[in-house]
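Trainee: could you work out the structure for the sequence below:
(one chain, ligands or ions: 3)
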Amino acid sequence: MRSDDTIFAIASGQGRAAVCLIRISGPESRAILQAMTGGVPAARRAVVRTLRDPVSGEPLDQALVLWMPGPGSFTGEDQAELHIHGGLATRAAVLRALSSIANCRPAEAGEFTRRAFLNGRMDLSQVEGLADIIDAETEAQRRQAMLQLGGRLGNATEEWRESILRVLALLEASLDFSDEGDVPEDLEVEILRMIDGIQEEIGRALANRSGERLREGLTVVLAGPPNAGKSTLLNALARRDVAIVSPIAGTTRDVIEVHCDLGGLPVIIVDTAGLRESADLIEQEGVSRARARAQDADLVLWLVPPDGEGSAPPPARRLLKVGTKADLQPFRQDCDVMVAAATGEGLPELIARLEAEAASLMGQGDAVITRERHRKALGRAHEALVRARAMLVGRGPLELAAEEVRLSARAIGEITGRVDVEDVLDRLFSSFCIGK
Ligand SMILES: Nc1nc2c(ncn2[C@@H]2O[C@H](COP(=O)(O)OP(=O)(O)OP(=O)(O)O)[C@@H](O)[C@H]2O)c(=O)[nH]1
Ligand SMILES: [K+]
Ligand SMILES: [Mg+2]
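Mentor: Numbers count the residues shown, from 1 in each chain. Ligands and ions are numbered 1, 2, ... in the order given. A predicted model of the protein is given here:
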């Protein structure tokens, strides 16, 4: 795979369609337009042209053609777009023609975006935002992904990184001047004050897990004794016949997941095997999976049937008690909600309750961190700052404190893919006037 190849790909999905969009990026883009359309249109102006085979000159299709010269294009390279008719034979003919051109080849997965990143058109957090937009299943996920693509995470991390590098610059300045005397006391006070400020902001971002929950979906596990009505409730919430329902206790053995959209928030509802002691090996496995899922869940709905006083709920982070078969039992004081999934009674109340739970656990996309990767990088940055601070306060070697601060900046830089420290330091130093 060469990065100076010209790449092309269908960007509009597979299968027969009215229109098919072919994206082209790389140095041959202009030559391709010349060879296939007989000219190059004005930049970023859509024109209709006859597409021809570059070797035989045979007409292949009528297409809408765009020329987007670099560096102002998505990838930063010269780019062209061919909006052709979406018939299978038409696509195949145009792709074949493109393959026949020297130094042109089909793009690998994600290669356009990779080039955009390598050419500085977007940072890593924006690349992830773009991926999340394509994967977004609910309104709140879409909004969060848009904010990330727009640079919310990238801007926040760049600000933190710049502040950390300012601390580093102050430390290095102190190092440079330490043979002329001690680190001025007011400078040390200033450094500690800055570290405290950055730590507090990063700490606040780390404390908020709603972004990751929103990106991944909230996991709600239905648990309870056999025949509590778990599968019936799953089917009612999913509004389709997903799980087998029967009066036989121990019907469900596997873990069954359904993705739902609750008021714009993504919720994964998980049906599990009824919890009981069983001699059946398969059922035992189902029960142990059910317990494991309940333990990891954001929320467990513990289902209590009319005769369900005997069994105890599994350990869970958060648990709601739901009295089931409300058509067969009166309101239970020991339950938070009553529902009869078979008749639909109480279902709107349960859904409203779930929406409220989801909203309080996920917010509406106000978190900065949306992935484990961000959390790990920020966590490392935070820890390094804690060590640097301890070293400064404990009068440890200034060089080591500076090294910790440098580590912190690098860790934060991983979020956007900007890990260069020296050039930013140079820029910062040039604006300083300590002992100049
Ligand atoms: N009357 C009434 N019966 C219900 C209701 N919900 C479920 N049932 C019945 O209860 C029985 C068990 O329902 P399931 O949904 O299979 O229960 P489960 O908890 O998934 O059972 P296991 O998978 O075996 O643990 C079935 O015969 C259902 O028709 C309800 O709201 N009212
Ligand atoms: K059952
Ligand atoms: Mg079941």
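Trainee: contacts only, for the closest residue to ligand 1 within the stretch 151-300 of the chain.
Mentor: Among all residues of the stretch 151-300 of the chain, Gly274 sits closest to ligand 1, at 2.7 Å; criterion: Cβ to the nearest ligand atom. Heads up, the C-betas are built off the backbone N, CA and C, glycines and all. By Cβ atoms under 8 Å, 6 or more residues apart in numbering, the contact list for Gly274 reads 224-228, 230, 249-250, 252, 287, 290.
Trainee: Ala409 and Ala388, how far apart?
Mentor: Counting by Cβ to Cβ, to the nearest Å, the gap between Ala409 and Ala388 amounts to 11 Å.
Trainee: state the phi and psi torsions of Gly38.
Mentor: Per-residue torsions, Gly38: phi 80, psi 10 (degrees, to the nearest 10).
Trainee: thought it was touching Arg52?
Mentor: Yes: because the distance of 7.4 Å satisfies Cβ atoms under 8 Å, Gly38 is recorded as touching Arg52.
Trainee: which of those two has more neighbours?
Mentor: Arg52 (17 against 12; other Cβ atoms under 10 Å).
Trainee: which strand residues bridge the more buried one?
Mentor: Each beta-bridge partner of Arg52 is listed here, defined by DSSP bridges: Pro59.
Trainee: contacting residues for it?
Mentor: The neighbourhood of Arg52, defined by Cβ under 8 Å, 6+ apart, consists of 36-38, 58-60.
Trainee: I'd assumed Ala294 was in a helix, is it?
Mentor: Yes: Ala294 forms part of a helix when assessed by DSSP: H, G, I helix; E, B strand; the rest coil.
Trainee: looking at the contacts of Arg52, state which has the most neighbours.
Mentor: Taking other Cβ under 10 Å as the neighbour criterion, Met36 ranks highest of those with 25 neighbours.
Trainee: ok, and the closest non-adjacent residue to that one?
Mentor: Leaving out its chain neighbours, the residue that sits closest to Met36 by Cβ to Cβ, 6 or more residues apart in numbering is Leu51, at 5.2 Å.
Trainee: could you report the pLDDT at that neighbour?
Mentor: You'll see Leu51 listed with a pLDDT of 98.
Trainee: check contacts around it.
Mentor: Remark: with contacts taken as Cβ under 8 Å, 6+ apart, Leu51 is in contact with 36-37, 59-63, 65, 82, 84, 94, 97.
Trainee: over to Val267?
Mentor: Going by Cβ under 8 Å, 6+ apart, Val267 touches 217-220, 259-261, 354, 358.
Trainee: strands paired with the host helix or strand of it, and their directions?
Mentor: Here Val267, judged by DSSP states H and E, is contained in strand 265-271. Taking DSSP bridges as the criterion, strand 265-271 pairs within the sheet with strand 218-223 (parallel), strand 256-262 (antiparallel).
Trainee: which residues touch the shortest one?
Mentor: It stands for strand 218-223. With contact meaning Cβ under 8 Å, 6+ apart, strand 218-223 is reached by 230, 233-234, 265-272, 275, 290, 293-294, 296-303, 313-314, 316, 354, 357-358, 361-362.
Trainee: make it 6 Å
Mentor: 230, 233-234, 267-272, 293-294, 297-302, 358, 361 (Cβ atoms under 6 Å, 6 or more residues apart in numbering).
Trainee: of these, which are in range of ligand 3?
Mentor: Within the set of those, contact with ligand 3 (Cβ under 5 Å from the ion) is found for Lys230.
Trainee: tell me which stretches of the stretch 51-200 of the chain form strands.
Mentor: Along the stretch 51-200 of the chain, the stretches classed as strands by DSSP state E, counting those that start in this stretch are 59-68, 79-86, 104-106.
Trainee: err, the stretch 201-350 of the chain, not the other one
Mentor: Per DSSP E, counting those that start in this stretch, the stretch 201-350 of the chain has strands spanning 218-223, 256-262, 265-271, 299-304, 319-323, 337-338. These are given in chain order.
Trainee: for ligand 3, what is the nearest residue in the stretch 251-400 of the chain?
Mentor: Of all residues in the stretch 251-400 of the chain, the one sitting closest to ligand 3 is Thr252 (3.0 Å; Cβ to the ion).
Trainee: give me the subset of the contacts of strand 218-223 touching ligand 1.
Mentor: Lys230 (Cβ under 6 Å from any ligand atom).
Trainee: backbone dihedrals for the one residue in the chain that gets nearest to ligand 2, please?
Mentor: Among residues of the chain, the one nearest ligand 2 by Cβ to the ion turns out to be Thr251. It sits 3.6 Å away. Phi and psi for Thr251, reported as degrees, to the nearest 10, are phi -70, psi -50.
Trainee: tell me which residues touch it, please.
Mentor: Taking Cβ under 6 Å, 6+ apart, we find Thr251 in contact with Ile244.
Trainee: sounds good, over and out.
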